[in-house]
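Predicted model, plus sequence, below.
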Amino acid sequence: MVTACGGGGPRGVDAGWVMSEPSTTAAGVAGGIMLAGVATGLQADLVFPAFVGAIWSLKALEPGGGVVWRVVQVVVGTLIGAWATPVAAQAVTGMLPAALAGMEALRYPLAWAIGWGGLRLGLPVLERRVGRGAR
Amino acid sequence: MMHAVILVEVLAALLLVWKAVEAFTRMSRCTRWPYAAAWAALGGAAATTIAAALEGSLVADWRTALVMAAVAVGVCVDRRWGGERLPAVFRRGGRGQ
């Protein structure tokens, strides 16, 4: 009989297998992207809609501006979208009808909306602050 | 070898994200939406590749790396894409982008 405490296998093979469990579980619970061993909480599948939302918000701006600054804006918008979506999804789930509440796919339009809205609404404020700081 | 392939994929993805943002920087309200959607999809796919690499789930496939590198180089070399002027078919009204 193989026990969960590692007593069943020769030379403690089972014990090694059991020891690897907690880290796997922790990664699964934290989810998403790990940077230098730190769980960032970013979910890779939300990066696409959040990025598309963030980049789409640039379309409404005047053409021009520094590309580096725009790249920073899009990266920040993507991070906001990808990070805030799970929290927002939890909040929104309570307001939805029961049939829609369990739909995992709702996270994607939500990530798009947060990526788009976060940059569309937050960008003017950010630019005003940066502009004021430059002066 | 596997790491080199992943590095090529990530570098190509970074270039594509950069070019996508550059293309959007030059767009205006007059830009046709399919053109914007194509750039958003390309940039989004590249961003997803970077995220997958960070997550450790990116598959080292040399064909994918080759295609991504070719697209990235093509987009960078061809000045029509993200350049000063768009082909007329992507513009509404003939002026502005």
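Okay, I see it.

can you list the residues of chain B near chain A?
For chain B, the residues in contact with chain A (CB under 8 Å from any CB of the partner chain) are B:17-18, B:20-22, B:24-29, B:31, B:36, B:39-41, B:43-45, B:47-48, B:50-52, B:54-57, B:96-97. For every residue, glycine as well, the C-beta is placed using N, CA and C.

Are any of the residues you listed buried, and if so which?
Buried members of these, scored by 16 or more other CB atoms under 10 Å in any protein chain shown, are B:17-18, B:20-22, B:24-27, B:31, B:36, B:39-40, B:43-45, B:47-48, B:50-52, B:54-55, B:97.

Check what pLDDT the residue nearest the centre of chain B gets.
Centroid-nearest residue in chain B: B:Leu16, 3.2 Å away (criterion: CA atoms, centre = their mean). Per-residue confidence (pLDDT) for B:Leu16: 94.

any idea which element it lies in?
For B:Leu16, the host element (DSSP states H and E) is helix B:2-25.

any idea how far the closest residue to the residue nearest to the centre of chain B other than its chain neighbours is from A:Val68?
With sequence-adjacent residues excluded and distances taken as CB to CB, 6 or more residues apart in numbering or on different chains, B:Leu16 is closest to B:Ala46, at 3.7 Å. Noted for B:Ala46: a distance of 17 Å to A:Val68, by CB to CB, to the nearest Å.

Can you pull out the low-pLDDT segments for the chain?
Here I'm looking at chain A. By pLDDT under 70, the weakly predicted segments of chain A are A:1-31, A:62-65, A:98-102, A:126-127, A:131-135.

right idea, wrong chain: chain B
Using pLDDT under 70, the flagged stretches of chain B are B:79-97.

Who has more neighbours out of B:Ala46 and A:Val68?
Using other CB atoms under 10 Å in any protein chain shown as the criterion, B:Ala46 and A:Val68 rank with B:Ala46 on top: 26 against 10.

Residues contacting the helix or strand containing the more buried one, please?
In the assignment (DSSP H and E), B:Ala46 maps to helix B:33-55. Residues outside helix B:33-55 that contact it (CB atoms under 8 Å, 6 or more residues apart in numbering or on different chains) are A:32-35, A:42, A:44-45, A:47-49, A:51-52, A:55-56, A:59, A:78, B:6, B:9-10, B:12-17, B:19-21, B:23-24, B:27, B:58, B:68, B:71, B:86, B:90.
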